[in-house]
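K.L.:
I'll drop the sequence and a predicted model, then ask my questions.
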Amino acid sequence: MEENKLGLPKDFFKQFKSKEQFQEFFQEMFKQGVNEMLQGELDEHLGYEKHSPEGHGSGNSRNGFSSKKVKSETLGDVVLSIPRDRNASFEPKLIPKHQRMSEQIEQSIIGMYSRGMSTRDIEDQIREMYGVEISESTVSTVTSRVVEKIKEWQSRPLEPVYFTCWMDGIQFKVRHNGKVVSKCIYLV
């Protein structure tokens, strides 16, 4: 049977009848790949592979897994099995502890918040952009990390002179002398 550049059989992709089937397959492959990489990180941390005699009496060993739901940009929610060690000294670098979503999604949330979007609007926008379900409380948690910096920036002392001037105007329809006319309120 012929193989393509990926080493897969020629008719491999014909088994998928819909985008959803392929997405599920790809999500499962991604999940297995990340779980294997996490196992590799734990092997490196402990200094020996699973079932290796070098691990006997080492003082630290594997201690099962904990499930963690991670939000990714392309695959949505993925449930991973994060390995643990007995001494709780294993700090995975691939999926850091206490992190549930990718850096890119967090930056998007912070960017939308800084532009004045409400938590509900941000929740809807993230669902549309990334296909990831997040709650308003998650948005609030992410944005609360930067609220202190925002308040600090807003209350910073201003310089006596700035070299730039920003001007804007808002157009309103106003009834004047029996006619509706546009009036502009200028902001400087």
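P.N.:
Received the coordinates, thanks.

K.L.:
Stretch 54-64: how far from the chain's middle?
P.N.:
33 Å (CA atoms, centre = their mean, to the nearest Å).

K.L.:
what comes up buried for stretch 45-59?
P.N.:
By 16 or more other CB atoms under 10 Å, the buried positions in stretch 45-59 come out as 46, 55. Every residue, glycine included, has its C-beta placed from N, CA and C.

K.L.:
Mind checking what helix or strand follows the helix or strand hosting E152 in sequence?
P.N.:
Taking DSSP states H and E as the criterion, E152 maps to helix 136-154. Where DSSP H and E defines the elements, the next helix or strand beyond helix 136-154 is strand 168-176.

K.L.:
So in that sheet, which strands flank that next one, and in what orientation?
P.N.:
As defined by DSSP bridges, the strand partners of strand 168-176 come to strand 179-187 (antiparallel).

K.L.:
Now do the strand it pairs with: everything it contacts.
P.N.:
With contact meaning CB atoms under 8 Å, 6 or more residues apart in numbering, strand 179-187 is reached by 167-176.

K.L.:
Could you rerun that using 7 Å?
P.N.:
Here strand 179-187 makes contact (CB atoms under 7 Å, 6 or more residues apart in numbering) with 167-174.

K.L.:
what mean pLDDT does that strand have?
P.N.:
In this model, strand 179-187 has an average pLDDT of 90.

K.L.:
and what of stretch 89-99?
P.N.:
Across stretch 89-99, the per-residue pLDDT values average to 77.

K.L.:
What pLDDT does the model give the nearest residue to R84 once chain neighbours are set aside?
P.N.:
Residue nearest to R84 in three dimensions, not counting chain neighbours: N63, with 4.5 Å by CB to CB, 6 or more residues apart in numbering. Looking at N63, its pLDDT stands at 84.

K.L.:
And N63, its phi and psi?
P.N.:
Phi and psi for N63, reported as degrees, to the nearest 10, are phi -140, psi 50.

K.L.:
And the strands in this protein?
P.N.:
Assigned by DSSP state E, the strands in the chain fall at 62-72, 76-85, 168-176, 179-187.

K.L.:
From L80, how far out is K71?
P.N.:
According to CB to CB, to the nearest Å, K71 and L80 sit 11 Å apart.

K.L.:
Next up, the contacts around I109.
P.N.:
So I109 contacts 122, 126, 139, 142-143 (CB under 7 Å, 6+ apart).

K.L.:
and if we set it to 8 Å?
P.N.:
122, 126, 134, 139, 142-143.

K.L.:
just F172 next, same as before
P.N.:
Remark: with contacts taken as CB under 8 Å, 6+ apart, F172 is in contact with 182-185.

K.L.:
Closest one to Q107 out of the residues you listed, please.
P.N.:
Q107 lies nearest to I185 out of the contacts of F172, by CB to CB, at 33.9 Å.

K.L.:
where does the protein have low pLDDT?
P.N.:
Scanning the chain for pLDDT under 70 picks out the ranges 1-8, 73-75, 99-106, 114, 130-132, 145-150, 153, 162.

K.L.:
With that, I have no additional questions.
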